[in-house]
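Undergrad: test case, fold it:
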Amino acid sequence: MTWHKIVIGDSRSMREVGDESVHLVVTSPPYPMIEMWDSFFSRVGCRSYDEMHEYLAEVWRECYRVLVNGGIACINIGDAARTVDGEFKIYPNHARVIEHCERIGFKTLPYILWKKPTTKPKYKGKGVFLGSGFLPPNAYVTLDCEFILVFRKDGLRRFKPRDSLRYASSFTKQERDSWFTQIWRDAGARQSLRGVERRAAAFPESIPYKLIRMFSIIGDTVLDPFLGTGTTTKVAMSLGRNSIGYEIDRSLLKTIKKKLGLRRFGPPGPNVEIIDRGEEAAFQRQP
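TA: Here you go, the predicted model:
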């Protein structure tokens, strides 16, 4: 039986997790300079683009600490296009995350582009073509991809010869050929989200499903330091992996319990532990 731990608290300090005890990180953090996340960064004291990424970098440092040698971190992040003080420009979140993670010690592996064909270009809140319509040269490219950055701690992970759990975790040739390519098209699931899951920017289950199958084996421990509505934990449960999830917004706990099929009141279940630090009980994400 697998075990699962949910911590309502700030993942910049993952004191509940021991050094080199996690095999895989799968997460989608708040995206700096995306309007829906402004209130989040404001509440944790980040006012500038640099401060937002310094906040995230503290989490990446903790991820590095808890990962085993050869462990993998998969970070789903999108860039932002925004007008600030009358100036429109791109904020390359994926590049900043790579820079911070490499300074920490991670090795960058080939990343995945998550194609979102249903995204419609907008300018000043209106669904119109970006820039100057059909006239060159002032139009610009629509942001319709997100990045799934992939990092490794140290060298290759080592296994015993003919490790039974590793062989039991194998994927098919069709899965390998489909998953280990740089362009993924899983956008439809996110577009259909409603209510709290849309506000929490929950990613579709197909994303953590593939990443967990690709980069971990049965019995491994998967960490999501920005758990949101609990998608990573739910998928880890279904795939025979243990999991740890951190979520700073206590108001999402009800949604997490519902998604995981846990009891609404009382102990969540024999293999699930919920730790509420209480230090961010007043924190609320805004719609």
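Undergrad: gap between the two ends of stretch 30-47?
TA: Stretch 30-47 stretches 14 Å from its first residue to its last (C-alpha to C-alpha, to the nearest Å).
Undergrad: no, scratch that, I was asking about stretch 244-259
TA: Per C-alpha to C-alpha, the first residue of stretch 244-259 is 15 Å away from its last.
Undergrad: I'd like the numbering to begin with 2 instead of 1 from here.
TA: Got it, first residue is 2 now, which makes that one stretch 245-260.
Undergrad: what helix or strand is the residue nearest to residue 240 when sequence neighbours are not counted located in?
TA: Of all residues not flanking residue 240 in the chain, residue 213 sits nearest, at 5.4 Å (C-beta to C-beta, 6 or more residues apart in numbering). Heads up, the C-betas are built off the backbone N, CA and C, glycines and all. Secondary structure assignment for residue 213, by DSSP states H and E: helix 207-216.
Undergrad: following that helix, which helix or strand shows up next?
TA: strand 222-225.
Undergrad: if you count neighbours, what's buried in the next helix or strand after that following strand?
TA: Following strand 222-225 in sequence order, the next helix or strand is helix 232-239 (DSSP H and E). Across helix 232-239, burial judged by 16 or more other C-beta atoms under 10 Å covers 232-238.
Undergrad: can you pick out the most distant pair from those residues?
TA: 232 and 238 (10.9 Å; C-beta to C-beta).
Undergrad: can you map out the strands along the stretch 2-151 of the chain?
TA: Remark: strands assigned in the stretch 2-151 of the chain by DSSP state E, counting those that start in this stretch are 5-9, 23-28, 68-78, 81-85, 88-92, 108-116, 146-153.
Undergrad: give me whichever of these is most buried.
TA: Comparing these by mean neighbour count (mean count of other C-beta atoms under 10 Å), strand 23-28 ranks first with a mean of 26.
Undergrad: helices or strands up against it?
TA: Strand 23-28 sits against helix 50-67, strand 68-78, helix 207-216, strand 222-225, with contacts defined as 3 or more C-beta pairs under 8 Å, 6 or more residues apart in numbering; DSSP states H and E.
Undergrad: quick check: angle from it to helix 50-67?
TA: Orientation of strand 23-28 against helix 50-67 (axes from the mean of the first three to the mean of the last three C-alpha atoms, to 10 degrees) gives an angle of 160 degrees.
Undergrad: CA atoms only for strand 23-28, dumped as PDB, please.
TA: What follows is strand 23-28, C-alpha atoms only, in PDB (Å, rounded to 0.1, in the frame of the first residue of the first chain):
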ATOM      1  CA  VAL A  23      12.000  12.000  -3.000                       C
ATOM      2  CA  HIS A  24      12.500  10.500  -6.400                       C
ATOM      3  CA  LEU A  25      10.500  12.800  -8.600                       C
ATOM      4  CA  VAL A  26       9.100  16.400  -8.500                       C
ATOM      5  CA  VAL A  27       6.000  17.200 -10.600                       C
ATOM      6  CA  THR A  28       4.600  20.700 -10.200                       C
END
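Undergrad: can I assume residue 153 is in contact with residue 103?
TA: No. Applying C-beta atoms under 8 Å, one finds residue 153 not in contact with residue 103, separated by 11.4 Å.
Undergrad: in this structure residue 81 contacts residue 33, no?
TA: Yes. If you go by C-beta under 8 Å, residue 81 and residue 33 touch, sitting 6.7 Å apart.
Undergrad: what do these two both touch?
TA: 92, 94 (C-beta atoms under 8 Å, 6 or more residues apart in numbering).
Undergrad: what lies in contact with stretch 29-40?
TA: 41-42, 50, 53-54, 57, 60, 76-79, 81, 83, 92, 94, 97, 200, 202, 204, 208, 226-227, 229, 286-287.
Undergrad: swap in 7 Å and give it another go.
TA: 41-42, 50, 53-54, 57, 76-79, 81, 83, 92, 94, 202, 204, 227, 286-287 (C-beta atoms under 7 Å, 6 or more residues apart in numbering).
Undergrad: gap between residue 261 and residue 223?
TA: Distance from residue 261 to residue 223, counting by C-beta to C-beta, to the nearest Å: 14 Å.
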